[in-house]
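Student: I need the structure of the sequence given here:
(one chain, ligands or ions: 1)
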Amino acid sequence: MCGIVGAVSMRNIVPILVQGLQRLEYRGYDSCGVAVHASSLDATRPAGLQRARSTARVAELLEQVQTDRVDGATGIAHTRWATHGAPEVHNAHPHFSHGTGDASGTPGRVALVHNGIIENHEELRAALQARGYVFTSQTDTEVIAHLVDSHYSGDLFEAVQAAVAQLHGAYAIAVMHRDEPHRVVGARAGSPLILGVGTGGGEHFLASDAMALAGVTDQIVYLEEGDLVDLQLGRYWIVGKGREALTPAQRPVRTVQAHSGAAELGPYRHYMQKEIFEQPRAISDTLEGVEGIVPELFDGADGTAAWRVFKEIDSVLILACGTSYYSGCAAKYWLEEIAGIPTQVEVASEYRYRTSVPNPRSLVVTITQSGETADTLAALRHAQSLGMQHTLTICNVATSAMVRECKLAYITRAGVEIGVASTKAFTTQLAGLFLLTLALAQSKGRLTPEQEAAHLKAMRHLPVALQAVLALEPQVISWAEDFARMENALFLGRGLHYPIALEGALKLKEISYIHAEAYPAGELKHGPLALVTSAMPVVTVAPNDALLEKLKSNMQEVRARAGVLYVLADADTRIESSEGIHVIRMPEHYGPLSPLLHVVPLQLLAYHTACARGTDVDKPRNLAKSVTVE
Ligand code: M6R
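Tutor: Here you go, the predicted structure:
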């Protein structure tokens with residue numbers, strides 16, 4: 001999704017801004033741009049804003065700024081993921097204001113970059129047009145630039161404060177003004193924005209993600225909802241929601257580890273491949289320090305004690321999107337079977353808008369890799385507004401809005417995930433959710449010490465078990481050669497493995513663009529069987545569980561229609577390769593944890609199929625890594 005970097009400095013800041021954009025590239029974008037204050041570096045230059053924008057990669061933007069000699073010590077930069085208006089240069093940020101007071105016709109009294117969506121942009125646009133403002137893009141963002149311009153009377157901070165008071169929707173913005181060469185003003189509501197405190201020369205930074213500032217500063221202030229920030233040389237000033245500019249808000253400066261190592265590909269072709277192979281390490285990091293099942297594992301950063309909450313709750317409501325939603329679907333089976341707790345799993349974007357029956361004794365569990373997904377955050381706030389105050393998140397980013405807004409948390413330690421298709425985040429979420437299941441089972445008196453010991457032993461063995469599954473890669477590659485020629489695929493699973501089939505289908509469609517659907521195998525004859533022909537490969541997740549014999553019958557139904565089966569089978573299932581049936585034998589493993597293992601060959605299948613089709617694996621078309629708009 002969109003990314004922001006901004007800075008006030010004494011040196012030419014353009015290389016740092018562009019490097020920041022490069023660090024945010026993995027989030028997905030379709031255009032990019034940078035604007036600087038020309039006289040901020042050299043006071044002999046005429047005051048004015050310069051910009052470069054491109055619909056190519058950030059690397060091309062860098063060439064463009066070098067050719068056009070765009071340099072300055074104060075600047076803002078952006079990667080755009082189109083929402084309003086096509087991915088064309090005139091829609092790329094930064095946007096300039098074109099006020100009627102700008103008699104020379106030179107664009108650029110105000111320059112602005114924006115993440116988020118402004119819901120009342122149409123009415124604001126009409127009002128501004130009536131006052132003579134001329135629009136050159138289809139974006140909602142340009143409205144904010146003109147709005148700031150319309151409020152400007154010598155103080156950029158005051159103008160931004162007045163402008164954001166008129167906005168409805170979500171935004172993180174960074175703004176400069178032609179007449180204030182050493183100042184950038186930022187504001188956030190609904191979209192993340194951080195302040196980077198410079199380590200020398202009085203410089204300070206803004207960014208939508210601390211990762212953009214890796215190697216520049218590790219001193220980070222996480223701005224809160226409604227905050228405005230004023231960056232000037234040698235000082236910064238934060239004002240909280242609804243406060244006067246004279247009363248600064250105190251926000252802690254945190255030392256945040258730079259993620260530079262994550263950007264190295266090492267021996268891998270793509271980040272997704274690297275991340276698939278990092279899963280044994282990610283799981284062992286996620287489980288590090290777990291000596292036994294104790295509620296304290298889930299205690300909140302503010303000291304909220306998980307054991308109190310666990311005693312009080314009588315059900316679980318899981319809210320999430322995409323892959324995280326599927327990990328929640330798998331957890332439902334564990335929570336109901338092992339902990340005996342009624343569990344509901346909802347797609348966050350649906351839950352937030354439907355009329356539901358709130359249960360104040362429900363534990364609301366949000367699952368999110370990024371911790372910034374707009375729909376999941378909104379669903380959490382919706383649940384809270386309905387009186388559900390017991391909240392817990394399974395999240396991969398300790399400093400994210402989700403962790404800040406939930407009472408309890410379990411931080412997965414997958415490390416930075418760069419590939420848009422989520423892999424190691426999924427398996428670490430499952431590990432966190434299995435621990436949560438055990439902790440809830442224990443607090444409800446449903447976990448004996450022997451059961452706890454057996455589950456924990458199996459969890460500790462997971463990294464080794466995952467290595468054994470990763471060793472199946474050559475066999476998966478031979479499946480991928482067949483899949484690369486297909487345009488459709490079906491995935492079947494039953495019980496705990498139905499969510500794994502869903503996740504396998506999502507992975508394949510995201511990166512190979514093959515249409516893939518997943519069904520609980522028992523549903524086959526209620527409709528999807530009509531699709532089965534020799535041109536429809538059917539992937540079947542077949543662990544040796546209570547439903548195996550039923551699954552075998554479903555497989556017969558496929559073969560009887562000339563469908564070709566690709567089966568992930570446990571050793572003792574007695575499913576053998578034969579005409580139209582390709583079997584990959586899974587290594588032996590602990591039954592309750594088998595979803596974590598069965599998903600891995602499906603990740604590899606999607607990856608190698610996409611490679612064979614030559615798609616952009618890490619940045620699939622139309623998708624973004626972190627979905628911070630609705
Ligand atoms: O950061 P989150 O876990 O909240 O993201 C949720 C989804 O956007 C994400 O899982 C998405 O479905 C991935 N592209 C799946 O690979």
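Student: tell me the residues of the protein that contact the ligand?
Tutor: Neighbours of the ligand within the chain, by C-beta under 6 Å from any ligand atom: 321-324, 368-370, 373, 376, 420-422, 510, 626-627. Every C-beta, even on glycine, is put in place using the N, C-alpha and C of the backbone.
Student: looking at the residues you listed, which is nearest the ligand?
Tutor: Relative to the ligand, the closest of the residues of the chain next to the ligand is Gly322; by C-beta to the nearest ligand atom it sits at 2.0 Å.
Student: ok, now which ones touch the closest one?
Tutor: Neighbouring residues of Gly322 by C-beta atoms under 8 Å, 6 or more residues apart in numbering: Ser422, Leu506.
Student: now do 10 Å
Tutor: Counting by C-beta atoms under 10 Å, 6 or more residues apart in numbering, Gly322 makes contact with 347-348, 367-369, 373, 375-376, 421-422, 426, 503, 506, 510, 623, 627.
Student: from those residues, which land in helices?
Tutor: Ala348, Asp375, Thr376, Phe426, Glu503, Leu506, Glu510 (DSSP state H).
Student: count the residues that sit near the fifth one.
Tutor: Same thing as Glu503. Residue neighbour count, defined by other C-beta atoms under 10 Å, stands at 30 for Glu503.
Student: wait, it touches Ser327, no?
Tutor: Yes: contact criterion C-beta atoms under 10 Å: Glu503 and Ser327 qualify, at 8.0 Å.
Student: who touches both of those two?
Tutor: Common neighbours of Glu503 and Ser327 (C-beta under 10 Å, 6+ apart) are Ser422, Phe426, Leu430, Pro595, Val599.
Student: mind putting these into CSV with pLDDT and neighbour count?
Tutor: Below are the shared contacts of Glu503 and Ser327 laid out as CSV (pLDDT from 0 to 100; neighbours: other C-beta atoms under 10 Å):
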residue, pLDDT, neighbour count
Ser422, 97, 27
Phe426, 98, 31
Leu430, 98, 29
Pro595, 96, 29
Val599, 98, 30
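Student: distance of Ile514 relative to Leu435?
Tutor: Distance of Ile514 to Leu435, given as C-beta to C-beta, to the nearest Å: 34 Å.
Student: do Val617 as well
Tutor: 31 Å.
Student: cool, and Ala86?
Tutor: Distance, Ala86 to Leu435, by C-beta to C-beta: 45 Å.
Student: of those two, give the one with the bigger neighbour count.
Tutor: Leu435 (21 against 12).
Student: and the gap between the more buried one and Glu296?
Tutor: Going from Leu435 to Glu296 by C-beta to C-beta gives 12 Å.
Student: before we move on, what about Ala501?
Tutor: Taking C-beta to C-beta, one finds Ala501 at 35 Å from Glu296.
Student: between those two, which one's more packed in?
Tutor: Set Ala501 next to Glu296 and count neighbours by other C-beta under 10 Å: Ala501 wins out with 27 against 9.
Student: so that one makes contact with Val539?
Tutor: Yes: Ala501 is in contact with Val539 according to C-beta under 10 Å; the separation is 7.3 Å.
Student: which residues do these two both contact?
Tutor: Residues touching both Ala501 and Val539 (C-beta under 10 Å, 6+ apart): Leu490, Phe491, Leu492, Gly493, Ala516, Ala518, Leu602.
Student: so what pLDDT did Pro267 get?
Tutor: Pro267 is assigned 89 on the pLDDT scale.
Student: for it, the count of nearby residues, please.
Tutor: Pro267 has 7 nearby residues by other C-beta under 10 Å.
Student: I'd like the distance between it and Ser478.
Tutor: Taking C-beta to C-beta, one finds Pro267 at 21 Å from Ser478.
Student: give me the domain ranges for this protein.
Tutor: What automatic domain parsing lists as the domains of the chain is 3-263, 265-460, 464-630.
Student: ranking the ones you listed by mean pLDDT, which is last?
Tutor: Averaging pLDDT over each of the domains of the chain puts domain 3-263 lowest, since it has a mean of 88.
Student: now the helices: where do they sit in the stretch 301-450 of the chain?
Tutor: For the stretch 301-450 of the chain, applying DSSP state H, counting those that start in this stretch gives helices covering 306-312, 322-337, 348-351, 374-385, 401-405, 424-443, 449-470.
Student: hey, which of the ones you listed is tucked in deepest?
Tutor: Ranked by mean neighbour count, the helices of the stretch 301-450 of the chain are led by helix 424-443 with a mean of 26 (mean count of other C-beta atoms under 10 Å).
Student: okay, and the residue in the stretch 151-300 of the chain that the ligand sits nearest to sits in which element?
Tutor: The ligand sits closest to Met272 of the stretch 151-300 of the chain, with a gap of 9.4 Å, by C-beta to the nearest ligand atom. Assigned by DSSP states H and E, Met272 belongs to helix 271-277.
Student: mind exporting that helix as PDB, just the C-alpha atoms?
Tutor: This file holds the C-alpha atoms of helix 271-277, laid out as PDB (Å, rounded to 0.1, in the frame of the first residue of the first chain):
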ATOM      1  CA  TYR A 271      11.500 -13.100  -0.800                       C
ATOM      2  CA  MET A 272       8.600 -15.500  -0.700                       C
ATOM      3  CA  GLN A 273      10.900 -18.500  -1.200                       C
ATOM      4  CA  LYS A 274      13.200 -17.100   1.500                       C
ATOM      5  CA  GLU A 275      10.300 -16.700   3.800                       C
ATOM      6  CA  ILE A 276       9.000 -20.200   3.200                       C
ATOM      7  CA  PHE A 277      12.400 -21.600   4.100                       C
END
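Student: pick out whichever of the contacts of Gly322 sits closest to Leu62.
Tutor: Leu623 (24.0 Å; C-beta to C-beta).
Student: now do the same contact list for the closest one.
Tutor: Counted by C-beta under 10 Å, 6+ apart, Leu623 has contacts Met1, Arg27, Gly28, Trp81, Gly322, Val420, Ala421, Glu510, Ile511, Asp616.
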